[in-house]
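Participant: Structure for this input, please:
(one chain, ligands or ions: 1)
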Amino acid sequence: MTAKIVTVVGSYNVGLFLKGERLPSPGETVIAAEFVESGGGKGSNQAVAAARFGAETRFIGRIGEDSYGHYALDMYRRLGISTTSIQIDRTIHSGVSIILIDKEGNNLISVAPGANLNLSPQDIDDAQSILQASTIVGFQLENSHDTVFYALRRVHEWGIPTFLDPAPATPLPDDLYPCIDIIKPNESEASILTGIDVTDVPSATAAGEWFLQQGVTVALITLGRAGAVLVTADVRQHFAAPLVEALDTTGAGDIFSGAFLAAYARGQALSDAIHFAIYSAALSTTRLGVIESIPDTNEVESFMKTTV
Ligand code: ADP
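Facilitator: Got it, this is the predicted structure:
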């Protein structure tokens, strides 16, 4: 039997969270009550989620030769994520996000992408055999765009399904769209890419149709608590999200992507994979953190049975 493998080409940023009473003003120092360090970055979050949902997972990215990079490698090894295509960049630091949070949950974020921006077309060529052995390859836009576009084109040429989470959103070259099998923007990303103000199911459907006109095969637009809309050549379908008491929606889109990639790689039908992704992401919003909030597959499956 051929292995079902999810490969993610993407970013790693360590998240340094400082939580206090209030945010500092420019020039001011405040004392934070709490400090948490957590692995993040869209690519890394999606790979971690895919692995947690049972997929054999490989990550292609760049980290620095520093404690944050080692922390990432340890985390991937613990989760069974293959690290053979992670380059350790000796010229620059690992990606770092510093997140200041006040008692109401308002935040200030600054990101230094570091090694993520050095992921190169050569790294993609070096990982050719891993990419070619994948069931599906996931991409986002937190690395050098030229490298992501190059990788998407190569993987598509090799006949491997491509999945793009176009975040942070940036206009894409027209000729890239036919290389994207599945695109998965949220409302604001879909609005930036299509020029359509996406706020609800009809406007998300219109955006999905726009993506199909550009050459994408499957458009999947997520709508937060309103679930997601699927548009393919034959289908226009709204998938509702279950009602949950959301506590922290940070990273819900990444968990959606990781869950979808894992379900797709297991061979689930598109609608079943979307259903699984929606329930996984919804459940994650009831917990704090991003990778800390990823439920396990059994939990999602029983949640799917108990909710209508
Ligand atoms: P992003 O995190 O990229 O902004 P969304 O906000 O669209 O993406 O959320 C992605 C998915 O997470 C949704 O499709 C849904 O399944 C789930 N989700 C997000 N917010 C909620 C919520 N308040 N209630 C239930 N599910 C949610």
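
Participant: Just give me how far whichever strand or helix holds Ser271 sits from the chain centre.
Facilitator: Using DSSP states H and E, the element containing Ser271 is helix 270-284. Remark: helix 270-284 is offset 14 Å from the chain centroid, using CA atoms, centre = their mean, to the nearest Å.

Participant: tally of neighbours for Ser11?
Facilitator: Close neighbours of Ser11, defined as other CB atoms under 10 Å, add up to 28. For glycine as for every other residue, the C-beta is placed from the backbone atoms N, C-alpha and C.

Participant: for it, what are its contacts?
Facilitator: Gly41, Lys42, Gly43, Ser44, Gly61, Gly95, Pro113, Asn116, Gln140, Glu142, Asn143 (CB atoms under 8 Å, 6 or more residues apart in numbering).

Participant: how close does it get to the ligand?
Facilitator: Distance of Ser11 to the ligand, given as CB to the nearest ligand atom, to the nearest Å: 15 Å.

Participant: and what of Lys305?
Facilitator: From Lys305 across to the ligand, the span is 17 Å (CB to the nearest ligand atom).

Participant: Leaving out the residues flanking it, which one is nearest to the one residue in the stretch 201-308 of the chain that gets nearest to the ligand?
Facilitator: Proximity of the stretch 201-308 of the chain to the ligand (CB to the nearest ligand atom) peaks at Gly253, 2.2 Å away. Using CB to CB, 6 or more residues apart in numbering and skipping residues adjacent in sequence, the residue nearest Gly253 is Asn186, 5.4 Å away.

Participant: Phi, psi for that neighbour please.
Facilitator: phi -90, psi -170 (degrees, to the nearest 10).

Participant: thought it was touching Arg225?
Facilitator: No. Contact criterion CB atoms under 8 Å: Asn186 and Arg225 do not qualify, at 11.9 Å.

Participant: Looking at those two, which is more packed in?
Facilitator: Comparing Asn186 with Arg225 by other CB under 10 Å, the one with more neighbours is Asn186, at 21 against 14.
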